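>>> take this sequence and fold it.
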Amino acid sequence: MDWLSLFLVALICAIAYIQTLQGLYSATIMCVLVLICSVLAFAMYEHVALSYLLGPLGDLSIPVAFAGLFVVPLIGSRLALDSLLPRSSLLPVLIDRAAAACVGTLTAMTLAGMLAVAIQMTPLGGAFMGHTLIDEQTGEEGSLWLSPDRFAVTFATMMSDGLFSGDRSLSDAHPDLAQEIRWSQSSPNEIRHVVPENSVTLVQVDDAYPDYIFDKTGGTPARGRTPAAEAKYERKSPPSGHQWLLVRLKLGPTASDEKQRHRFTRRQIRLVGRETTGGPAANYAPVAMNDDDDPAVAVPIKDGKLYAPLDTMEVAFVFDVSDRFVPEFIEYMIGARIDLSDYPADAPSGGAALIAETADTRTTASTASRRSDSTRSDDRRRGDRVSGVRTTSNSHFGDDLPTVMTDYQKAGVEHAREALTSGHIYGKVADQGTGGSNPRIAKFDVPSEQRLFHLEVRQLRARSGFGRALSQAVTTASNYLLEDDTGKKYPVVGQYAVANVGGDEFVEIQYFPEDVAVSNRGGIREFRRIKKRELDAADSRLVYLFLVDPGAGIKSFSTGRRSADLSDLDLIAPR
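This is a model prediction of the structure:
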């Protein structure tokens, strides 16, 4: 009997009934708060757990962070609104109760779903109150009656889609969060479920061989007890239109459990990728790994069993994917995520190394190697929500405009001798350079004792309504700062962008150095012609302007929320 499902159904009925009795006004307030807090919890729990709670709480960091981020804001906001807002209803009682029942049912489903997700996030050995996350015999995933957990996950994912900065949305990093939770928590309590971010490194990615997997007969799964010669192996080809994709990892000491052992189940390894370029992201569990008796071959692995790496702490996982598969990242347990987005750009054409060799003869083909460390790019690092911008390598010093402006609209413009002293101008790129009725402007007016630095960036905006609100708080703060190697900080004095708007390429330029001189705040306004959606295009440009001291070595750039290291670009202002 699935007692957990029965309890959640009863809870849904009880909450809906209570909300109905309280009326539409109270039920609506509660519903809105529950939905907002659920989005907050799903968006932030992983970052909070891995950054602040993993050390003291271990595997409990995930459910504690999730429950705390939902319950605390919900209770606090509800108490605040109850004391601030008067209650009144002008609707007839029958209509009021009927509408309240509908709204209350939505609230009840979300609350029950959040509770179900929190319970499933807790390491309980894969089963609780008769509900099993994954059937170890058939590999089928369990499901709750009415699926309140999937309801909460689907709604929160839809509402917070795009909350991660960069090109990935929440659904890209967690394409099926309900499934992901079941996979990660279906293992026994005695093994670890959450590990630090840098506890695993990538050794090899390879799709060169079509016959990685071998069905094994004989031998024994206990490493070292049976010689490899006693086991027999039969090659197993991938299904039509599919390939075997090998990803070999090396487990670090921080990924071990309390007894300093590395043990894991099949579902604790998650590969995220797309069947084809541009297709939806999905989770993939490995279908095989290196054999205990003969590490040079891979054999199928099953649910319900514990596995361990080789003596070298390396383990090769094999996935069944399509021929056109595009991998995004691989995650070991919860927390150790490695970016695979550069594959298959430099993929081998064949002749890669074997899955594994004995420790004294192991080699790895350089063409099959992707990365030797677990450092991921800044914009994909866990927790980088709505971080603002990512720098690119096209930054430079100079006073030239992106194009000579001759036909433009303007606002508060001051200029002298073809130099923009202050103001805001914009126009079509094709109309500039020759002709036009406006005075020619070809460069910025830069004080003789300073140098103008052009920092080209890529706008990373959140795409959802909830994410856009958070992004707006960062974008409009105008607190972007550049820091040199002496620690001196320089506020932004302007910006310019080039982007396609309605089929025409536009350029928009802002330059407000006097604002900085007076208030020491950045000179950034909202663009009038080019909007943030146009800056999402791959061929768009966005550049921030800073006035720096001669000879200053540019060290870092900060959005006020996070910093980007620029020291490797070796940028030194001319003297």
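
>>> what's the pLDDT at Gly351?
Looking at Gly351, its pLDDT stands at 31.

>>> and Ser89, by the same measure?
On the pLDDT scale, Ser89 is placed at 65.

>>> all numbers from here: first residue = 37
Sounds good: first residue 37 from here, last item Ser125.

>>> what helix or strand is Met145 located in?
helix 129-157 (DSSP states H and E).

>>> what's the closest non-adjacent residue to His452?
Small correction: residue 452 is Ala, not His. Spatial nearest neighbour of Ala452, excluding adjacent residues (CB to CB, 6 or more residues apart in numbering): Asp481 at 6.6 Å. Quick note: C-beta positions are derived from backbone N, CA and C, even for glycine.

>>> coming back round to it: tell me which helix or strand comes right after the helix holding Met145.
strand 163-164.

>>> and the next element down the chain from that next one?
Strand 163-164 is succeeded, C-terminally, by strand 167-168 (DSSP H and E).

>>> for that next one, which strands pair with it and how are they oriented?
Note on strand 167-168: by DSSP bridges, its sheet partners are strand 163-164 (antiparallel).

>>> which strand in this structure runs the most residues?
The residue-count maximum for a strand in the chain (DSSP state E) belongs to strand 525-537.

>>> for it, which helices and strands make contact with it?
Judged by 3 or more CB pairs under 8 Å, 6 or more residues apart in numbering; DSSP states H and E, strand 525-537 is in contact with strand 436-441, strand 517-520, strand 540-547, helix 549-555, strand 577-584.

>>> okay, buried residues for it please.
If you call a residue buried by 16 or more other CB atoms under 10 Å, then strand 525-537 has these buried ones: 526-535, 537.

>>> neighbours of the residue nearest to Ala452, how many?
When neighbours are defined as other CB atoms under 10 Å, Asp481 has 18 of them.

>>> read off the pLDDT value for it.
94.

>>> equivalent analysis for Arg259, please.
At Arg259, the model reports a pLDDT of 45.

>>> kindly report the same for Asp339.
Value for Asp339, per-residue pLDDT: 88.

>>> for it, what are its contacts?
By CB atoms under 8 Å, 6 or more residues apart in numbering, the contact list for Asp339 reads 170-172, 175, 222, 301-303.

>>> mind checking how far it is from Trp280?
Per CB to CB, to the nearest Å, Asp339 is found 19 Å from Trp280.

>>> same check, this time on Thr141
47 Å.

>>> Ile461 too?
Distance from Ile461 to Trp280, counting by CB to CB: 57 Å.

>>> just Pro610 next, same as before
Pro610 is 55 Å from Trp280, where distance means CB to CB.

>>> between these two, which one's more packed in?
Between Pro610 and Trp280, counting by other CB under 10 Å, Trp280 is the more crowded of the two (23 against 9).

>>> got the CA coordinates for the one helix or strand that one maps to in CSV?
Using DSSP H and E, Trp280 sits within strand 278-287. Presented in CSV, the C-alpha positions along strand 278-287 are these (Å, rounded to 0.1, in the frame of the first residue of the first chain):
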residue,chain,number,x,y,z
HIS,A,278,22.3,4.9,-31.6
GLN,A,279,25.9,4.8,-30.3
TRP,A,280,27.7,4.0,-27.1
LEU,A,281,29.2,7.1,-25.6
LEU,A,282,31.9,6.6,-23.0
VAL,A,283,32.7,9.2,-20.3
ARG,A,284,35.5,8.3,-17.9
LEU,A,285,35.8,10.1,-14.6
LYS,A,286,38.3,10.1,-11.8
LEU,A,287,36.8,10.3,-8.3
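
>>> in its sheet, what does whichever helix or strand comes after that strand sit against?
Next in sequence after strand 278-287, counting helices and strands by DSSP H and E, comes strand 305-310. Strands that pair with strand 305-310, judged by DSSP bridges, come out as strand 317-320 (antiparallel), strand 362-368 (antiparallel).
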